[in-house]
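Colleague: Dropping a prediction and its sequence here:
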Amino acid sequence: MNHDHWIRHFEENTKNRPEPDWQAPLGIQGRALSRLRRSIQQFQLGDGGGPAQLIAWNRDRYLSDEATRRLVDLWFKEEKEHSRLLGDLLRRLGGEPIATHWSFELFCGVRKWFGVNFELQALLSTELVSNVYYQLLRKHGDDPVLRGVCHLIIRDETGHIAFHRARLAAGYSRCGPLRVTLFRLRTLAAGTVLWINHRGAVRSLGGSDAEFYRGIWRDVNTFLRALRREKPHPLHSAQPWNGSQAKRHRSPVTRDP
Ligand SMILES: [Fe+2]
Ligand SMILES: [Fe+2]
């Protein structure tokens, strides 16, 4: 994985980030507003409002070199920024931040106890389905600030998903049918947990169940197609490759998707 490229990506992404026009009149009222407020409350906590780092019990296994630590810090710095944007949006909608929620506690628990490979898999699936949620809010939410916030977050999350693709392409796992199926199922499960809590808000703005699940399916397929197009790792190419090279380059995060 080209660490320098990704460090440059994160540094460049801090530039040209126009703030939403926070003073613009609020375009959403009534039931849609109260449902959106509850939804943004949970996202403000879940999207960068919690621990801004990997929390798996064995995270040091992944963060063993300086460049990877720097990349992960830059990634989570963007997550913190999402929480800041969502917090300002929440206040505009008339809400206050919450300290905890059952889905947030569950998510942190599995990230912590199931290890760093699982945590990275879970974060990838969550980013894929959250990106679809933000896309639907941007499409259906008739409010310039909501759209501005979603636009910035979608821009960042698209980069995060590409970052995951790069780290997976640099690993050794074969993208075999079983792993692909498990990845699809895991992402659909993450989407369903999101949808249980946020369906009401998205539907009250005009989104639909079909649109949400179609979006997940489309983005998972796009991710997998792009992953297959990435330069094959020497271990799977026709180039000569020996075991000592494999041992030296073996990444601890090789099993997903
Ligand atoms: Fe985020
Ligand atoms: Fe993200």
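Modeller: Perfect, I can see it now. Ligands and ions are numbered 1, 2, ... in the order given.

Colleague: dump the residue contacts of the residue of the chain found nearest ligand 2.
Modeller: In the chain, the residue that lies nearest ligand 2 is residue 160 (3.7 Å; C-beta to the ion). All C-beta spots, glycine's among them, are computed from the backbone N, C-alpha and C. By C-beta atoms under 8 Å, 6 or more residues apart in numbering, the residues touching residue 160 are 75, 78, 127.

Colleague: out of those, which are buried?
Modeller: Neighbour-count burial (16 or more other C-beta atoms under 10 Å) is assigned, among the contacts of residue 160, to 75, 78, 127.

Colleague: CSV for those residues, including distance to residue 228 and secondary structure?
Modeller: Shown next, in CSV, are these (distance: C-beta to C-beta, whole Å; DSSP: H, G, I helix; E, B strand; the rest coil):
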residue, distance to residue 228, secondary structure
75, 23, helix
78, 26, helix
127, 19, helix
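
Colleague: Within reach of ligand 2, which of the residues you listed are there?
Modeller: Contacts with ligand 2 within those, as defined by C-beta under 5 Å from the ion: residue 127.

Colleague: Let's test this: mean pLDDT of stretch 89-105, rounded?
Modeller: Mean pLDDT, stretch 89-105: 94.

Colleague: And it, how far out from the chain middle?
Modeller: Relative to the chain's own centre, stretch 89-105 is displaced by 18 Å; criterion: C-alpha atoms, centre = their mean, to the nearest Å.

Colleague: And whatever residue of the stretch 51-200 of the chain ends up closest to ligand 1, how close does it get to residue 152?
Modeller: Going by C-beta to the ion, ligand 1 is nearest to residue 82 of the stretch 51-200 of the chain, at 3.9 Å. Using C-beta to C-beta, to the nearest Å, residue 82 is found at 8 Å from residue 152.

Colleague: More neighbours: the two, which one.
Modeller: residue 82 (22 against 19; other C-beta atoms under 10 Å).

Colleague: Would you mind listing the residues in contact with the residue of the stretch 51-200 of the chain closest to ligand 1?
Modeller: Taking C-beta under 8 Å, 6+ apart, one finds 47, 48, 153, 156 in contact with residue 82.

Colleague: can we see that at 10 Å?
Modeller: 43-44, 46-49, 130, 134, 149, 152-153, 156-157 (C-beta atoms under 10 Å, 6 or more residues apart in numbering).

Colleague: Next SSE downstream of the one helix or strand residue 68 maps to?
Modeller: Applying DSSP states H and E as the criterion places residue 68 in helix 66-92. Note on helix 66-92: by DSSP H and E, the next helix or strand toward the C-terminus is helix 102-113.

Colleague: Could you list the buried residues of that next one?
Modeller: 103, 104, 107, 108, 111, 112.

Colleague: Check which helices and strands that helix sits against.
Modeller: If you count contacts as 3 or more C-beta pairs under 10 Å, 6 or more residues apart in numbering; DSSP states H and E, helix 102-113 packs onto helix 30-46, helix 116-140, helix 177-205.

Colleague: which one of these is the most hemmed in?
Modeller: helix 116-140 (a mean of 21; mean count of other C-beta atoms under 10 Å).

Colleague: Could you pull up the mean pLDDT of it?
Modeller: Rounded mean pLDDT across helix 116-140 is 97.

Colleague: quick one, it and helix 66-92 angle?
Modeller: 40 degrees (axes from the mean of the first three to the mean of the last three C-alpha atoms, to 10 degrees).

Colleague: Flag every buried residue along the helix or strand following helix 116-140.
Modeller: Proceeding N to C from helix 116-140, the next assigned helix or strand is helix 144-169, under DSSP H and E. For helix 144-169, the neighbour count (16+ other C-beta under 10 Å) marks 145-150, 152-154, 156-157, 159-161, 163-169 as buried.

Colleague: Thank you, goodbye.
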